[in-house]
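Student: Sharing a model that was predicted from the sequence below.
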Amino acid sequence: MNNPAQTSAASPASFSSRVQGTLMGGALGDSLGYQVEFDSLEQITAKYGSSMLLDLSQAKGTVHFSDDTQMTLYTLDGLLDVLEWANGGVGADINACQWLAYLRWLKTQGVPAPGHAPEQAPRWIDSQSVLHHQRHPGNACLTGLSTGEMGTAARPVNLDSKGCGTVMRSAPYGLLPNVEAETVYKVSSDAASLTHGHPSARQSSGAFSWLIHQLVIVGLPLRAAAESARDRATAERAADADLLARLELALTLSTHDGKPLAGESLTDALGLGWVAEDALAVALYCVLATERDAVSPVEHFLDALRLAVNHSGDSDSTGAIAGNILGALYGEAALPPSWLKLCEAPQLIRHLGAEFIKLTTGE
Ligand SMILES: [Mg+2]
């Protein structure tokens, strides 16, 4: 059995490569999935034939990433803000900086910040016109921020919201070096409370960022990192039963012999991905189940992403999360070169990644 995680362990990707790989992998997966975000399996088959959407080169028209990548970059910018303050000797409130970043994101979507929200000077990212397109932003993200209230774990906004808008934007928290995994979990889950109040949104976000941390910072192989995320979710006080069930099933099903679950079988088992725990479970399953057959990081990426987007659910978010995980695992070695040529605004993504690397490592 060929195990690319072992290959990865033999020549581990650098921190810089994993940071850029996580960001760009997510953008590529998002871009592939965005082609079919609102399409049923039947519609995907009608558009792309019986083998469905296999490659970004099949995109109808110009390739775009969606709100998933836009918000992920704003998550990163919130962390850049914190790191800039820290390098100046000031300990800024991380969740407040995230809130401010997401309020600036809200403006990019044509929604004015509420009157009592804090006034902010624009940052570099705010001038990037590609982030001002409306690419189907999530309702809870818009309404939660529009309240003008900074949601917290104790007083979250949108109490019943568990949409995947938390998970899909939360990979950057797991990239923070020199930070305990427990801190990553808390920062990520607290940021979820800014827009989504349901415990599964909060805990799914924390578990996803924990997973990215285990891959990028701790250097665990894929399955060990996934089991670690499951264990952290299980250790939560008042752990969300739906999240635990989904993670356990994703781990178990991915060990089964034979062809991986696909399409309707995949979403029947793990959900359509519209809610947080389903999106995380579908993406994680697709990455785990294709590991055994992959012979290179790029082939693993392609196999996993094809599985992650060809279903009737929230294809861009399941694609984005799967892409984040593979980029965290392999670094830039996972990214198909032909897809990079098609990616929207890769220089913008790389610039923000480079800023993060510079502020965290001095390189
Ligand atoms: Mg989207």
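Tutor: The structure has been received and is ready for your questions.
Student: Next secondary structure after the host helix or strand of Lys107?
Tutor: Using DSSP states H and E, the element containing Lys107 is helix 94-108. Counting by DSSP H and E, the next helix or strand C-terminal to helix 94-108 is helix 139-146.
Student: Off-centre distance for that following helix?
Tutor: Centroid separation for helix 139-146 versus its chain: 18 Å, with CA atoms, centre = their mean, to the nearest Å.
Student: Show the average pLDDT along it.
Tutor: Mean per-residue pLDDT for helix 139-146: 94.
Student: what residues does it touch?
Tutor: Contacts to helix 139-146, defined as CB atoms under 8 Å, 6 or more residues apart in numbering, come from residues 67, 71, 99, 102-103, 105-106, 109, 111, 113-114, 151, 157-158, 161, 163, 165, 194-196. Yep, even glycine has a C-beta here, placed from its N, CA and C like the rest.
Student: Show me what the helix holding Lys107 is packed against.
Tutor: Helix 94-108 is packed against helix 67-87, helix 139-146, helix 181-192, with contacts defined by 3 or more CB pairs under 8 Å, 6 or more residues apart in numbering; DSSP states H and E.
Student: any idea how far the first one is from the chain center?
Tutor: With CA atoms, centre = their mean as the basis, helix 67-87 stands 14 Å off its chain's centre.
Student: Same question for the last one.
Tutor: Per CA atoms, centre = their mean, the displacement of helix 181-192 from the mean C-alpha position of its chain is 14 Å.
Student: what angle do that helix and helix 94-108 make?
Tutor: Relative orientation of helix 181-192 versus helix 94-108 (axes from the mean of the first three to the mean of the last three CA atoms, to 10 degrees): 40 degrees.
Student: now do the first one
Tutor: Taking the same axes, to 10 degrees, helix 67-87 and helix 94-108 form an angle of 140 degrees between their directions.
Student: Say whether the ion is contacted by helix 67-87.
Tutor: Yes. Judged by CB under 5 Å from the ion, helix 67-87 and the ion are in contact via Asp67, Asp68.
Student: Enumerate the positions of that helix that are buried.
Tutor: Neighbour-count burial for helix 67-87, counted by 16 or more other CB atoms under 10 Å, picks out 67-83.
Student: How about the second one?
Tutor: Under the neighbour-count criterion of 16+ other CB under 10 Å, helix 139-146 has Ala140, Cys141, Leu142, Gly144, Leu145, Ser146 buried.
Student: circling back to that earlier point, among the contacts of helix 139-146, name the buried ones.
Tutor: 67, 71, 99, 102-103, 105-106, 109, 111, 113, 151, 157-158, 161, 163, 165, 194-196.
Student: List the contacts of the residue of the stretch 1-150 of the chain found nearest the ion.
Tutor: Residue of the stretch 1-150 of the chain nearest the ion, by CB to the ion: Ser66 (3.3 Å). Each residue near Ser66 by CB under 8 Å, 6+ apart is listed here: Asp30, Ser31, Gly33, Tyr34, Glu37, Arg135, His136, Asp316, Ala320.
Student: So the first one sits against Ala320, correct?
Tutor: Yes. Under the criterion of CB atoms under 8 Å, Asp30 makes contact with Ala320 at 3.8 Å.
Student: Show the low-confidence segments of this protein, by residue range.
Tutor: Within the chain, the segments meeting pLDDT under 70 span 1-10, 293-294.
Student: Could you pull out the buried residues of the strand or helix carrying Ser31?
Tutor: Using DSSP H and E, Ser31 falls within helix 15-34. For helix 15-34, a neighbour-count test (16+ other CB under 10 Å) marks 15-34 as buried.
Student: so what does that helix touch, helix or strand wise?
Tutor: Partner elements for helix 15-34 (3+ CB pairs under 8 Å, 6+ apart): helix 67-87, helix 297-309, helix 315-330, helix 337-342, helix 346-361.
Student: Relative to Ser129, which of those is closest?
Tutor: Closest approach to Ser129 among these is made by helix 346-361 (10.0 Å; CB to CB).
Student: State the number of residues packed around the nearest residue to Trp339 once chain neighbours are set aside.
Tutor: Using CB to CB, 6 or more residues apart in numbering and skipping the chain neighbours, the partner closest in space to Trp339 is Leu56 (4.6 Å). Neighbourhood size, Leu56 [other CB atoms under 10 Å]: 21.
Student: mind starting the numbering at 44 from now?
Tutor: Sure, I'll start counting at 44 from here, so that last one is Leu99.
Student: ok, Leu99 touching Ala70?
Tutor: No. Applying CB under 8 Å as the test, Leu99 and Ala70 come out as separate, 10.8 Å apart.
Student: anything in contact with each of the two?
Tutor: Common neighbours of Leu99 and Ala70 (criterion: CB under 8 Å, 6+ apart): Cys386.
Student: Near the ion, which residues of the chain? Just list them.
Tutor: The chain comes close to the ion at residues Ser109, Asp110, Asp111, Asp359, as judged by CB under 5 Å from the ion.
Student: contacting residues around the last one?
Tutor: This points to Asp359. Contacts of Asp359 by CB under 8 Å, 6+ apart are Asp73, Ser74, Gly76, Tyr77, Glu80, Ser109, Asp111, Val352.
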